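1. the amino acid sequence is not available; the structure is as follows:
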């Protein structure tokens, strides 16, 4: 089994679901900046039902696949250069 497959299996077992994110979304960046702490999160009320938040799994996978998110101002500066 390839390392990526093992990582995916571990992530599946850890969070109950894998992700297929390929870019940082605003909500994923917000979760990353909050260190994946759900208490006080904008979406906390939504996930108090039977649905479990999967954002932590998405953040872990995004960091693994594409690295940490860049600050928006850094991206804008790089595009202008």
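-> Structure's in. What do you need? Predicted model, so just to flag it, every value in this text is computed and none were measured. Numbering: from 1, shown residues only.
2. okay, now the unreliable bits of the protein?
-> 1-21, 72-81 (pLDDT under 70).
3. do a quick rundown of the helices in it.
-> Taking DSSP state H as the test, the helices found in the chain are 3-15, 26-33, 55-66, 72-80.
4. how many other residues sit next to the closest residue to residue 30 other than its chain neighbours?
-> Distance criterion Cβ to Cβ, 6 or more residues apart in numbering; nearest residue to residue 30, sequence neighbours excluded, is residue 42 at 7.1 Å. Using the backbone N, CA and C atoms, a C-beta is placed for each residue, glycine as well. Residue 42 has 10 neighbours, counted by other Cβ atoms under 10 Å.
5. pretty sure residue 42 sits against residue 34.
-> No: with contact defined as Cβ atoms under 8 Å, residue 42 does not reach residue 34; the gap is 9.5 Å.
6. give me the phi and psi for residue 38.
-> Per-residue torsions, residue 38: phi -80, psi -30 (degrees, to the nearest 10).
7. the closest residue to it other than its chain neighbours: neighbour count?
-> Leaving out its chain neighbours, the residue that sits closest to residue 38 by Cβ to Cβ, 6+ apart is residue 44, at 5.6 Å. Residues lying near residue 44 (other Cβ under 10 Å) number 12.
8. and for the one 10 residues further on?
-> Residue 54: 15 surrounding residues under other Cβ under 10 Å.
9. before we move on, what about residue 59?
-> Neighbours around residue 59, by other Cβ under 10 Å: 25.
10. who's in contact with it?
-> Each residue near residue 59 by Cβ atoms under 8 Å, 6 or more residues apart in numbering is listed here: 28, 31, 32, 36.
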